[in-house]
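Enquirer: A predicted structure for the sequence below; I have some questions about it.
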Amino acid sequence: MGNGKTRVRGLAARAGGWSARHRWAAVGIWVLFVVLAMGLGSAAGRVDVKDSDQLKGETHTAAKIIEDAGIEEPAGETVLIQAKDASLKATDAEFRDAVTAVVKAVEGTGRVTDVTSPYDTRTISEDGRSALVQFDIRGDSDTAGERVEPVLNAVEDVQKDHGAVRIEEIGGASMMKTFDDAFGDDFQKAEYSAVPVALGILLIAFGALVAALLPVLLAVTAIMATTGLMGVISHVMPMTDAASSVMLLVGLAVGVDYCLFYLRREREERQAGRDPQTALRVAAATSGRAIIVSGVTVCVAMAGMLFTGLAEFEAMGLASLIVVAVAMVGSVTVLPALLSLLGERVEKGKIPFLHPESRLRRNKGGANRESRFWTAVLKGVLARPVISVVVAAGALLAIAAPAVGMKTQNLTLDQEFGDSLPIVQTYNRVNEAFPGGSEPAEVVVKADDINAPEVKSALADFRDRAVSSGASRGPVEIKLHDEQNIAFVYVPLVGGSDLDKAGASLDKLRDDVRPATLGKVDGVEAPITGQVAGSKDFNDQLAGAVVPVFAFVVVFAFGLMLLSFRSLTVAVTSIVLNLLSVGAAYGILVAVFQHGWGASLVGAEGVGAIITWLPLFLFVILFGLSMDYHVFVVSRIREARLRGRSTKDAIQHGVVTTAGVVTSAAVIMVAVFAIFGTLSMQSMKQMGVGLAAAVLIDATIIRGVLLPAVMALLGERNWYFPKWLNRLPDMTHDEAPEAVTHGTAHDDKGERVPV
């Protein structure tokens, strides 16, 4: 029976069969595809999202006005001069000397323009101890960080000669340089270390170098091809650096997973006594099909990001969707060809003491010794399914409970980096002395004639009312661009780095001050932008996208599971379990990063909020990736049931036989995501910890306890499929059921056992 011919059907089986028969052609086509994709991408170049397209609302309108006018806003810099002793004031000669020295020093570098003295712009704090010298860095603002070092050095030299005052620089260019110096290589190290970590875990899992290299090779080539395709597609839908990072993460995760599923099944079939060709056919029909179902489901989840209307999310969603699709196609085409070419050589490069074959001894149930732990767990779960469901579900709901009080916001500089950087302390000191001064609201005023008397009067009125209304403490700065008939009005918001209070000040500007002043002049546009405004517009747009994205992902995932397993019960339980997994991840995020419970254990801080983009991002990513395991495990359970096993026996067989590969895949994902949890930025820590925790929960509590317990309770109802749904396309198992020895003989005619 072991080497008998197995009749198969379906896309995955046909693709695997063709690849195995045309091995060199399949490998050649894949290599050609990767090379062509990279070449085309390199030739086309990548088009990045414009500032004007990042957000909708007033932020978008303001950016569009600036872009259409051809105005290049330079990177603004500020030097804080602050008395160390309360007795020294800005009016004192010693303080004035320090200000004069700063102005002279920065002008002497030749790198700055529009230097202003605090005595001219009235940028002196209420207590008289602090003052701001402001200027712009010459040249393109995007590369200002590369040119700011001489200015920083000049300011440091002034500090050496004036010990009675604190002299510190902050601004777009200096922050850019500081972050590049401190964290510029941080992301690259994390991304580059992900591959060696994955390879190390695969070496342990397979015990052989060649077998371990295959999944990494597939993932890396899929990422390379997608990078090229992103360059071409960016001319239609612009991309971002964040999209590239997310693509790398997702590509490595699914690329390794898919190859792992396929390779493990092929090995298992050979160890069960099948010849290599039959083992490969069975792997193509079973794991190959699971890969296609999982891949399509993940693609659908990633496509949910396209409904946000946010350019950053749309880029991340499209990049992730492409890399999953490429990895999926590679897994069911080039991988069978490579396995056919390698044959027994896939076991080359065995690592001493890590030979899985020496531990793989079949027992009556077909389980392997390496799954003894899950065999023991399953025995208890299936013996007491009600208790297992109550305990596991109760624990996950308790973990998810803190998510009810989730607060989201864009993290401020001090929240993002804590006190790890000196510039953060400067940021805090500027905000204390000049609330909102480091991140003012920016009113972009466009008029037919910016110098018309009624426009000038409205601008002056706006400046006065911004302060009298309590939205700002001033000073409000107005900068005219006569040629373009545009004015920039910079308004420091009361609330400073407290985004809730600063948001209230912004609302006062938008809803009260503007309508009463600039809004009364015909033909004047005055959208208000800036960091606080951008954060608010982003939140508002994201909030409006949550329901459509959630609905799209859940409905389409439900439909795919229904068609793939032809079971209403399996489709419903799949969605519920995945939502429970996501909820638990949310709860951990809120507990650790919002409330600070156990934050020190992961090197984090309780910053009081979750970064705005993370909840929706996590939902889409986790809902997609968790389907990897779910489809793989449930496919194996259904396969055993189709072959005639009882539902309870099929559950044990499916979970135990997939435990090794699911564990290996989960460990790789957790390790890769945890790398991002080691970065210094709190937002990256939140992403890494959230993803790692969710995958760990999903692969253990959900797949190892809750799924089998729920299926055991449901029994034959697991396979319930209403008759009125029979008209739906049949996308179920590709492999015709075989006779298996499991107590009794079962149908061996190649026909389906009704389920």
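Expert: Everything's here; your move. Numbers count the residues shown, from 1 in each chain.
Enquirer: who's in contact with stretch 502-520?
Expert: Contacts to stretch 502-520, defined as Cβ atoms under 8 Å, 6 or more residues apart in numbering, come from residues 58, 436, 439, 441, 443, 445, 458-459, 461-462, 465-466, 469-472, 491, 493-496, 524, 526, 528, 532-533, 535-536. Placement of C-beta: from N, CA and C, glycine included.
Enquirer: Can you give me the pLDDT of the residue located most distally from the centre of the chain?
Expert: Most distant residue from the mean C-alpha position of the chain: residue 93, 53.2 Å away (Cα atoms, centre = their mean). Per-residue confidence (pLDDT) for residue 93: 91.
Enquirer: Likewise for the one 10 residues further on?
Expert: What the model reports as pLDDT for residue 103 is 93.
Enquirer: Could you do residue 171 as well?
Expert: In the prediction, the pLDDT value recorded for residue 171 is 87.
Enquirer: Please tell me I have it right and it contacts residue 80.
Expert: No - using Cβ atoms under 8 Å, residue 171 and residue 80 do not qualify as a contacting pair, with a distance of 10.5 Å.
Enquirer: of those two, who's got more company?
Expert: Neighbour totals were compared for residue 171 and residue 80, and residue 80 leads with 26 against 22 (other Cβ atoms under 10 Å).
Enquirer: my guess is the more buried one is in a strand, correct?
Expert: Yes - assessed by DSSP: H, G, I helix; E, B strand; the rest coil, residue 80 belongs to a strand.
Enquirer: Look up which residues are beta-bridged to it.
Expert: Using DSSP bridges, the beta-bridge partners of residue 80 come out as residue 132, residue 168.
Enquirer: quick one: contacts for it?
Expert: Going by Cβ under 8 Å, 6+ apart, residue 80 touches 130, 131, 132, 166, 167, 168, 169, 170, 426, 429, 430, 433.
Enquirer: If you rank those residues by neighbours, which is first?
Expert: Taking other Cβ under 10 Å as the neighbour criterion, residue 131 ranks highest of the contacts of residue 80 with 28 neighbours.
Enquirer: pLDDT at the residue lying closest to that residue once chain neighbours are set aside, what is it?
Expert: In space, residue 131 comes closest to residue 118 once its chain neighbours are excluded; the distance is 3.7 Å by Cβ to Cβ, 6 or more residues apart in numbering. As predicted, residue 118 sits at a pLDDT of 91.
Enquirer: Where in the chain is the helix or strand with the lowest mean pLDDT?
Expert: Among the helical and strand segments of the chain, the one scoring lowest on mean pLDDT, DSSP states H and E is helix 51-54, with a mean of 66.
Enquirer: Flag every buried residue along the next helix or strand after that helix.
Expert: Going down the chain from helix 51-54, the next helix or strand is helix 57-69, by DSSP states H and E. Residues of helix 57-69 classed as buried by neighbour count (16 or more other Cβ atoms under 10 Å): 57, 58, 59, 60, 61, 62, 63, 64, 65, 66.
Enquirer: Check which helices and strands helix 57-69 sits against.
Expert: Where contact means 3 or more Cβ pairs under 8 Å, 6 or more residues apart in numbering; DSSP states H and E, helix 57-69 is packed against helix 51-54, strand 441-446, strand 486-491, strand 528-529, helix 531-565.
Enquirer: quick one, the helix or strand just after the last one and helix 531-565 angle?
Expert: Helices and strands here follow DSSP H and E; after helix 531-565, the next one along the chain is helix 568-589. For the pair helix 568-589 and helix 531-565, the angle between their directions (axes from the mean of the first three to the mean of the last three Cα atoms, to 10 degrees) equals 150 degrees.
Enquirer: Distance from the chain centre to helix 568-589, please.
Expert: The gap between the average C-alpha position of helix 568-589 and the chain average comes to 19 Å, counting by Cα atoms, centre = their mean, to the nearest Å.
Enquirer: Against which helices or strands is it packed?
Expert: Counting contacts by 3+ Cβ pairs under 8 Å, 6+ apart, helix 568-589 packs against helix 385-400, helix 531-565, helix 614-642, helix 682-697, helix 707-714.
Enquirer: Tell me where the protein has strands.
Expert: Assignment of strands within the chain using DSSP state E yields the ranges 75-83, 112-116, 130-137, 165-171, 408-409, 441-446, 477-481, 486-491, 528-529, 610-611.
Enquirer: List the neighbouring strands of the last one plus their orientation.
Expert: Right, the one you point to is strand 610-611. Here strand 610-611 has these sheet partners by DSSP bridges: strand 408-409 (parallel).
Enquirer: Name the surrounding residues that touch the partner strand.
Expert: Outside strand 408-409, the residues within contact range by Cβ under 8 Å, 6+ apart are 499, 500, 535, 539, 609, 610, 611, 612, 614, 615.
Enquirer: can you check stretch 57-74 too?
Expert: Residues outside stretch 57-74 that contact it (Cβ under 8 Å, 6+ apart): 50-55, 113, 136-141, 144, 442, 444, 446, 481, 484, 486, 488, 510, 525, 527-529, 533-534, 537-538, 540-541.
Enquirer: now with 7 Å?
Expert: Contacts of stretch 57-74 with the rest of the structure, by Cβ atoms under 7 Å, 6 or more residues apart in numbering, involve 50-52, 136-137, 141, 444, 446, 481, 484, 486, 525, 527-529, 533-534, 537, 540-541.
Enquirer: sorry, back to before: from the contacts of residue 80, which is closest to residue 148?
Expert: The shortest gap between residue 148 and any of these belongs to residue 169, at 8.4 Å (Cβ to Cβ).
Enquirer: doesn't residue 153 make contact with that closest one?
Expert: No - counting by Cβ atoms under 7 Å, residue 169 stays clear of residue 153, with 10.2 Å between them.
Enquirer: where's residue 106 relative to residue 84, distance?
Expert: Distance, residue 106 to residue 84, using Cβ to Cβ, to the nearest Å: 21 Å.
Enquirer: More neighbours: which of those two?
Expert: The neighbour comparison of residue 106 against residue 84 (other Cβ under 10 Å) goes to residue 106, with 24 against 11.
Enquirer: Is that one in contact with residue 112, as I believe?
Expert: Yes - with contacts defined as Cβ under 7 Å, residue 106 counts as touching residue 112 at a distance of 5.2 Å.
Enquirer: which residues are in contact with both of the two?
Expert: Overlap of the contact sets of residue 106 and residue 112 (by Cβ under 7 Å, 6+ apart) consists of 135, 151.
Enquirer: Enumerate every residue touching the nearest residue to residue 288 once chain neighbours are set aside.
Expert: Nearest-residue entry for residue 288: residue 12, 3.2 Å, with adjacent residues in sequence omitted and distances by Cβ to Cβ, 6+ apart. Applying Cβ under 7 Å, 6+ apart, we find residue 12 in contact with 284, 285, 288, 289, 291, 292, 332, 734.
Enquirer: Lowest-confidence one in these?
Expert: Lowest in pLDDT among the contacts of residue 12 is residue 734, which has 44.
Enquirer: Flag the shaky bits of the protein, pLDDT-wise.
Expert: Scanning the chain for pLDDT under 70 picks out the ranges 1-10, 51-53, 182-189, 191, 352-371, 420, 436-438, 497, 730-755.
Enquirer: Residue 133 against residue 104, yeah?
Expert: No - look at residue 133 against residue 104 with Cβ under 7 Å: they stay out of range, at 10.4 Å.
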